[in-house]
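Peer 1: pasted the sequence and its predicted model underneath.
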Amino acid sequence: MSPSAEAQPQPVAPATTTAPILRVEHVTHAFGGVNAINDCSFEVQTGSITALIGPNGAGKSTMVNVISGFYPLQQGQILFDGQSVRGLAAHSIAQRGLIRTFQISRDYGAMTVLENLMVPPKHQVGENLFNVFFRPWLVAREEKELVRKALDMLNTFGLYEKREDYARSLSGGQKRLLEMARALMADPKMLLLDEPMAGVNPALADRLAQHIMDLRGKGLTVLMIEHNLGIVDQIAQDVVVMANGTTLARGTMVEIRSHPEVISAYLGGA
Ligand SMILES: Nc1ncnc2c1ncn2[C@@H]1O[C@H](COP(=O)(O)OP(=O)(O)OP(=O)(O)O)[C@@H](O)[C@H]1O
Ligand SMILES: [Mg+2]
């Protein structure tokens, strides 16, 4: 790199590598004959924070549901870490390291904050009945490690003091933090977030943004749907714009802002 190139101001650090961890190729998804996603393709670079933006109804949430296996892949191809996710159930995709967050539902609200983190662990030895009956010490050890890990996680997200409280007693913002902490218990390679800062006050949104940047620092890849372009500007290296079920543009936020079709379809109207 030449000295002059080094001197260029960089609002956000570029993605650490150029290899895509996720490839979405010509995906189409219909609800009752109506295409919510229509021949949509894009890539997510390993180690990047990639923002998925676009007007209401563009198909962003549907895309996250298809990628995570929550909806079966109808048409097209999705490769995660070089392997097709076709035909895999959501939990199998999660086991491969691609995890999405879920809202704290009513069932989970009736559990404590700590219990919420204890529920979704993958490959838990205790799930195996043979181990429960014949190797209880293994189960006990795993449980202890899990509690330690969960408490560490709560500490990171500033929820340690709330560990014995019911999840339903948390504020909206704290629930968002818990959702993220819960997803991270499974040690994902990549995290899918659908509007993680929606309805959160600006101070907490900043904290969530910092957490997401910290995750990237630890080597995670993040694909997040986000309407707040200020936040996208601040943390995303790559932006994918969806409109009418397909990719309208992709690039850095600076490139996206000057894209004529994006301006007329999205930014101009916003
Ligand atoms: N379960 C469903 N059944 C039928 N139609 C659906 C379903 N989910 C989404 N759609 C439709 O698919 C299209 C894409 O919706 P989607 O929720 O993916 O958009 P979005 O980009 O996430 O929008 P928003 O920014 O408002 O969250 C919309 O026309 C929506 O009405
Ligand atoms: Mg949505």
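Peer 2: Sure thing, it's come through. Numbers count the residues shown, from 1 in each chain. Ligands and ions are numbered 1, 2, ... in the order given.
Peer 1: mind jotting down where the helices sit in the protein?
Peer 2: 3-6, 60-67, 90-95, 106-109, 113-118, 129-134, 136-156, 172-184, 202-217, 229-235, 253-257, 260-262 (DSSP state H).
Peer 1: between those helices, which gets nearest to Gly32?
Peer 2: helix 60-67 (13.0 Å; CB to CB). For glycine as for every other residue, the C-beta is placed from the backbone atoms N, C-alpha and C.
Peer 1: got the domain boundaries for the protein?
Peer 2: Domain ranges of the chain: 18-104+186-270, 108-169, per automatic domain parsing.
Peer 1: find the nearest non-adjacent residue to the most centrally placed residue in the chain, please.
Peer 2: Taking CA atoms, centre = their mean, the centroid of the chain lies closest to Leu192, which sits 1.9 Å from it. In space, and not counting its chain neighbours, Leu192 is closest to Arg100: 3.9 Å by CB to CB, 6 or more residues apart in numbering.
Peer 1: do Phe102 as well
Peer 2: That would be Glu179: by CB to CB, 6+ apart, it lies 6.6 Å from Phe102.
Peer 1: contact residues of this structure facing ligand 1?
Peer 2: When proximity is defined as CB under 6 Å from any ligand atom, the chain approaches ligand 1 at 31, 36, 54, 56-62.
Peer 1: just the buried ones from those?
Peer 2: Among these, those classed as buried by 16 or more other CB atoms under 10 Å are 36, 54, 58-60, 62.
Peer 1: now tabulate those residues in JSON lines and tack on pLDDT.
Peer 2: What follows is these, written out as JSON lines (pLDDT from 0 to 100):
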{"residue": "Ala36", "pLDDT": "97"}
{"residue": "Gly54", "pLDDT": "92"}
{"residue": "Ala58", "pLDDT": "95"}
{"residue": "Gly59", "pLDDT": "96"}
{"residue": "Lys60", "pLDDT": "96"}
{"residue": "Thr62", "pLDDT": "96"}
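Peer 1: just to revisit the earlier point, any idea which of the helices of the chain has the lowest pLDDT on average?
Peer 2: Ranked on mean pLDDT, the bottom entry among the helices of the chain is helix 3-6, at a mean of 46.
Peer 1: now the residue nearest to Asn228 when sequence neighbours are not counted: phi and psi?
Peer 2: Excluding the flanking residues, the one nearest Asn228 by CB to CB, 6+ apart is Met197, at 6.4 Å. Torsion angles at Met197 (phi, psi; degrees, to the nearest 10) stand at phi -110, psi 10.
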